[in-house]
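Q: pasted the sequence and its predicted model underneath.
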Amino acid sequence: MPLWLLGTIVVVGLIAVWIASRFYGYDEPLTLDEEAAKREFIADNPGLVPEEVRLAATGQSALIHAGGRLHVLWVMGQDVATHVLDAPQIIPTNSGLVLTLRDFAAPRVKLTLAPEEAATWTALIEDAA
């Protein structure tokens, strides 16, 4: 098969996948409500039941009390990630908070929060530590 033909097939295939993702809405990030946050948390942490959920106004993150510990949940595209908050370093930013976690898989988490939300979340995280 000539290289130009292989290149054309690959490029056309990638464009087709991109168009299909846009058409079916897979290019939009997941937006959470309280029930979706609970459902995603349970899927990510089998055996834990969320006791209290504090959802960000953006719908992109949540603080969840479960099993006597505080967890952070944040959206990454069409999926979520959760981590236990064990004394994270909290860095305030203009757009919210950056949490430095003791986890090599997710060492820093950037949360987009309103200024009053950021203050509330900082207090909740510090109280849980």
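A: On my side now, so go ahead. Everything quoted here is computed from the prediction, not taken from an experiment.

Q: from here on, just use CA atoms for contacts and neighbour counts.
A: OK.

Q: who's in contact with the lengthiest helix in the chain?
A: The longest helix of the chain (DSSP state H) is helix 3-24. Helix 3-24 has contacts (Cα atoms under 8 Å, 6 or more residues apart in numbering) with D27.

Q: could you do stretch 31-47 as well?
A: Stretch 31-47 is contacted by residues 48-50, 53-55, 58-62, 73, 75, 80-82 when judged by Cα under 8 Å, 6+ apart.

Q: ok now it, how far from the chain's centre?
A: Taking Cα atoms, centre = their mean, to the nearest Å, one finds stretch 31-47 lying 11 Å from the centre of the chain it belongs to.

Q: which pair in the contacts of stretch 31-47 spans the largest distance?
A: The most widely separated members of the contacts of stretch 31-47, counting by Cα to Cα, are L48 and T58 (24.5 Å).

Q: quick one, longest strand in this structure?
A: strand 69-76 (DSSP state E).

Q: pull up the pairing partners for whichever helix or strand comes after that strand, direction included.
A: Using DSSP states H and E, the helix or strand that directly follows strand 69-76 along the chain is strand 79-84. With DSSP bridges as the test, strand 79-84 is paired with strand 69-76 (antiparallel).

Q: what is the mean pLDDT for the partner strand?
A: Computed over strand 69-76, the mean pLDDT rounds to 92.

Q: who touches it?
A: Here strand 69-76 makes contact (Cα under 8 Å, 6+ apart) with 29-31, 37, 41, 60-65, 80-85, 111, 125, 128.

Q: apply 6 Å and report the result again.
A: The contact list for strand 69-76, computed with Cα atoms under 6 Å, 6 or more residues apart in numbering, reads 60-64, 80-85.

Q: in TSV: those residues, plus neighbour count, pLDDT and distance to I15.
A: Shown next, in TSV, are the contacts of strand 69-76 (neighbours: other Cα atoms under 10 Å; pLDDT from 0 to 100; distance: Cα to Cα, whole Å):
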residue	neighbour count	pLDDT	distance to I15
Q60	22	93	28
S61	26	94	31
A62	26	95	35
L63	24	94	38
I64	25	95	39
V80	18	91	26
A81	15	91	29
T82	19	91	32
H83	21	90	35
V84	18	90	39
L85	21	88	40
